[in-house]
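Engineer: fold the following for me, if possible:
(2 chains)
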Amino acid sequence: MMDYVWLIPLLPFIGFVINGLVGKSLPKGVVGTIGSATVGLSFLITLVIFLEFLKLPVDARSVEKVVYTWMASGAFKVSVAFLIDPLSLIMMLTVSGVSTIIHVYSIGYMYDDEGFYRYFSFLNLFVFAMLTLVSANNFLLMFVGWEGVGLCSYLLIGFWYEKQSASDAGKKAFVVNRIGDFGFLLGMFLIFWTFGSLDFKEVFALALKYPVGSGVITAITLCLFLGATGKSAQIPLYTWLPDAMEGPTPVSALIHAATMVTAGVFMVARCSTLYVLAPFSLLVVAAVGAITAIYAATIGMAQFDIKRVLAYSTVSQLGYMFLACGVGAFTSGIFHLMTHAFFKALLFLGSGSVIHGLHGEQDMRKMGHLKKYMPITYWTFVLATLAIAGIFPFAGFFSKDEILFHSLVSGHTVFWGIATVAAFITAFYMFRAVFMTFHGESRVDPHVHPHESPPLMTVPLMVLAALSVVGGFVGFPIIEGANKFRDFLAPSITPLIHHAHYPAWFEITMMAFSMAVAGAGIFVAYKMYIKRPELPEKVTQKIPVIYDLVYNKYYVDEIYDATVVEPIKNGSDFLWHGVDENVVDGAVNGSATTIGWLSSHLRKLETGFVQNYALAILIGVVLITGYLIGR
Amino acid sequence: MVVPVQYYLALSVALFALGVIGVLIRRNALVIYMCIEMMLNAVNLAFIGFADYFKAVDGQMFVFFVMTVAAAEVAVGLALIVAIFRNQGTVYVDDLNILKW
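Structural biologist: Predicted coordinates:
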């Protein structure tokens, strides 16, 4: 079955082609079925390959399947080839699995939309790009997927393009991603220049000959990380993600929570060999991750749009993943990536269900007491919230705890402190969202009658909820050999930490501590939003300056506008009106005018009388003959 | 009696020059045509003169070719002139300037 690995990305692509070309004339049920079935088939194939893969001995668990040579020029050779190893398999399973669920959900959510077929073809194209990204065996093919998801992100964020804010958000996502992609490209050039190859295996094998901390590897990893900050929404390039909430909610779930934004984390983990050789880059990764984690979490506290809260929590959780990679615990980063894909997709789909039930209302100030109307949405949402808050035994607990644990034992005490505070804030704002949405007094517009969503939407919620509950157990800590996830992933990852054995009481204490932190966050949220609903108002009045700052997202968008966007706009304006219109157009128009003026005089030579030409020919003949004779 | 080749050439040059002048200064397309024919015949005469001088038959052969081509040319050329006349009502080359910008 492994020979058919190329089918995995190809199937969604077929879905894209069919839906894109003829979807308009197909009934909606067929379009949705094609979209979901192609991705579902990909998932099944991945699953079969995965089961087959498990039978291989551990040291043979890296299979390359070359489909064809894409380009070959001298020493430069790139193939369309897939790498099947634990890392890519986990990513493929997560991506295709979560995508399938979201596709099914989308049939219900988008059913009334005019662009139904367009939506599904974009969604399929996205899955194609993402699967290419994670299964590629070289940097260039990975970059194809990398750009592909960026493109689909643009298409899907701006899906409702009649809305100015949506089309702006799409453009913003695209442009910000381009900045990151520029870093990725530079990194790729450097890799080829240094190692003469873009193949993962060759590059990593050659890289091992370099000393730890060598300049070129540090430069490569930093460039690649810039790409990762763009795609994975880290400081300084995170601003596109909250705006990306303009797209349909399942898109937010698929692209901006579960899969696309994880590309950066995946890439860093894929290049773990390089990152381990560059301690400085690792420090940068960890620092950016930790700062992003707490920074986005604080913003999340003060947002009222339910999707924006989730968006900032995504940024924050991605920060955790990078923190994990930065302290060398790549496995934990990928583990959190997977569990996060489950519960964040669930949170987004749950919020989509709420929005659907309230006919498009996203403001949490106009919700409340929805528990009664949407029990399934409520309970699944709560499970996901418990998971993201890090409560035992939900999925997020295991992965987040592992990250906290590794950042402490690797000696990054400061980062550990930051991440712990961020965990507290995460628990707080997530439960704030739950309480504001589902509990308390109903603030719903009296004309709106909330209702539970159809089974097509609630069943995916339940599936994801189940995954969010049990997903963490594959990485069960403490007991030797119980961390199946880490052991499985080991062949793909070059770890920095050699797992020393820590006493069980130490690990348990750590867990209890992070549970206590999360519990405290939940308790504070409960106090503020259930027990004493007047409290938040008082708190915001006490610290108006800080609240304003956080509420307005630290004015980062405005700062970027003033320092980057405006100067570029003005510069472009100058280049347009000043340079282009005057200098470039002036040169072009000037040369045309000069030629025209010259021609108007030269024209007089051309009388149009044949005899004049004949005379000229005669004179020429006489002159040439005379010259030849008299020579 | 043998006519020296110089005589042939002198006559040929004179005819050719007449033809050239005619082509250059006359305005009637028909006359220009006849002048072109005259130039061709001047060349023919030179061929004949040289053929006699060198006692070689090649020159005479060439004359036949030239005459054939000239005949064909006349056929086409006259047809063109007739067509132009029908179209424009004139064969004066000065008036045929509709392609001039």
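
Engineer: and the residue in chain A positioned nearest to chain B, how many neighbours does it have?
Structural biologist: Nearest to chain B in chain A, going by Cβ to the nearest Cβ, is residue A:608, at a distance of 3.4 Å. Where you see a C-beta, it was placed from the backbone N, CA and C, and this is true even at glycine. Residues within reach of residue A:608, counting by other Cβ atoms under 10 Å in any protein chain shown, total 14.

Engineer: which one is residue A:229 nearest to, not counting chain neighbours?
Structural biologist: residue A:237 (4.8 Å; Cβ to Cβ, 6 or more residues apart in numbering or on different chains).

Engineer: any idea how far that neighbour lies from residue A:304?
Structural biologist: Counting by Cβ to Cβ, to the nearest Å, the gap from residue A:237 to residue A:304 is 25 Å.

Engineer: who has more neighbours, these two?
Structural biologist: Remark: of residue A:237 and residue A:304, residue A:237 carries more neighbours, 22 against 15, as counted by other Cβ under 10 Å.

Engineer: state the helix or strand in which the more buried one lies.
Structural biologist: Assigned by DSSP states H and E, residue A:237 belongs to no helix or strand.

Engineer: these two touch, right, it and residue A:230?
Structural biologist: Yes - between residue A:237 and residue A:230 a contact is recorded at 4.5 Å, counting by Cβ atoms under 8 Å.

Engineer: anything in contact with each of those two?
Structural biologist: A:176, A:177, A:179, A:180 (Cβ atoms under 8 Å, 6 or more residues apart in numbering or on different chains).

Engineer: find the residue at the geometric middle of chain B.
Structural biologist: Taking Cα atoms, centre = their mean, the centroid of chain B lies closest to residue B:37, which sits 2.3 Å from it.

Engineer: roughly how far does the nearest residue to that one once chain neighbours are set aside sit from residue B:50?
Structural biologist: The shortest distance from residue B:37 to any non-neighbouring residue, by Cβ to Cβ, 6+ apart, is to residue B:70 (6.4 Å). Per Cβ to Cβ, residue B:70 is found 19 Å from residue B:50.

Engineer: and the helix or strand hosting residue A:252, what does it pack onto?
Structural biologist: In this structure, residue A:252 sits in helix A:249-253 according to DSSP H and E. On a contact count with 3 or more Cβ pairs under 8 Å, 6 or more residues apart in numbering or on different chains; DSSP states H and E, helix A:249-253 meets helix A:86-109, helix A:306-326, helix A:330-357.

Engineer: make it 6 Å
Structural biologist: Judged by 3 or more Cβ pairs under 6 Å, 6 or more residues apart in numbering or on different chains; DSSP states H and E, helix A:249-253 is in contact with helix A:86-109, helix A:330-357.

Engineer: which one of those helices is the most hemmed in?
Structural biologist: Highest mean neighbour count of the helices and strands packed on helix A:249-253: helix A:330-357, a mean of 29 (counted as mean count of other Cβ atoms under 10 Å in any protein chain shown).

Engineer: give me the mean pLDDT for that helix.
Structural biologist: The predicted model gives helix A:330-357 an average pLDDT of 91.

Engineer: just stretch A:162-169 next, same as before
Structural biologist: Rounded mean pLDDT across stretch A:162-169 is 91.

Engineer: what do you get for stretch A:204-214?
Structural biologist: 88.

Engineer: how deep is the closest residue to residue A:155 other than its chain neighbours tucked in, by neighbour count?
Structural biologist: In this structure, residue A:155 finds its nearest non-sequential neighbour in residue A:122, 4.8 Å apart by Cβ to Cβ, 6+ apart. Other residues near residue A:122 number 25, with proximity taken as other Cβ under 10 Å.

Engineer: could you do residue A:615 as well?
Structural biologist: 15.

Engineer: next one: residue A:43
Structural biologist: Considering only other Cβ under 10 Å, residue A:43 is surrounded by 23 other residues.

Engineer: circling back: want to throw the helices and strands packed on helix A:249-253 into JSON lines with distance to residue A:310?
Structural biologist: Formatted as JSON lines, those follow (distance: least, Cβ to Cβ, whole Å):
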{"stretch": "helix A:86-109", "distance to residue A:310": "14"}
{"stretch": "helix A:330-357", "distance to residue A:310": "5"}
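
Engineer: residue A:422: which of those is closest?
Structural biologist: helix A:330-357 (12.9 Å; Cβ to Cβ).

Engineer: and that closest one, how far out from the chain's middle?
Structural biologist: How far helix A:330-357 lies from its chain's middle: 13 Å, per Cα atoms, centre = their mean, to the nearest Å.

Engineer: same check, this time on stretch A:92-101
Structural biologist: The answer for stretch A:92-101 is 15 Å, by Cα atoms, centre = their mean.

Engineer: hey, C-alpha coordinates of that stretch in CSV?
Structural biologist: Taking Å, rounded to 0.1, in the frame of the first residue of the first chain, the C-alpha atoms of stretch A:92-101 are listed here in CSV:
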residue,chain,number,x,y,z
MET,A,92,-1.0,13.1,7.5
LEU,A,93,-3.3,11.3,9.9
THR,A,94,-4.0,14.4,11.8
VAL,A,95,-4.5,16.5,8.7
SER,A,96,-6.6,14.1,6.7
GLY,A,97,-8.6,12.9,9.8
VAL,A,98,-9.5,16.4,11.1
SER,A,99,-10.1,17.6,7.6
THR,A,100,-12.6,14.8,6.9
ILE,A,101,-14.6,15.7,10.0
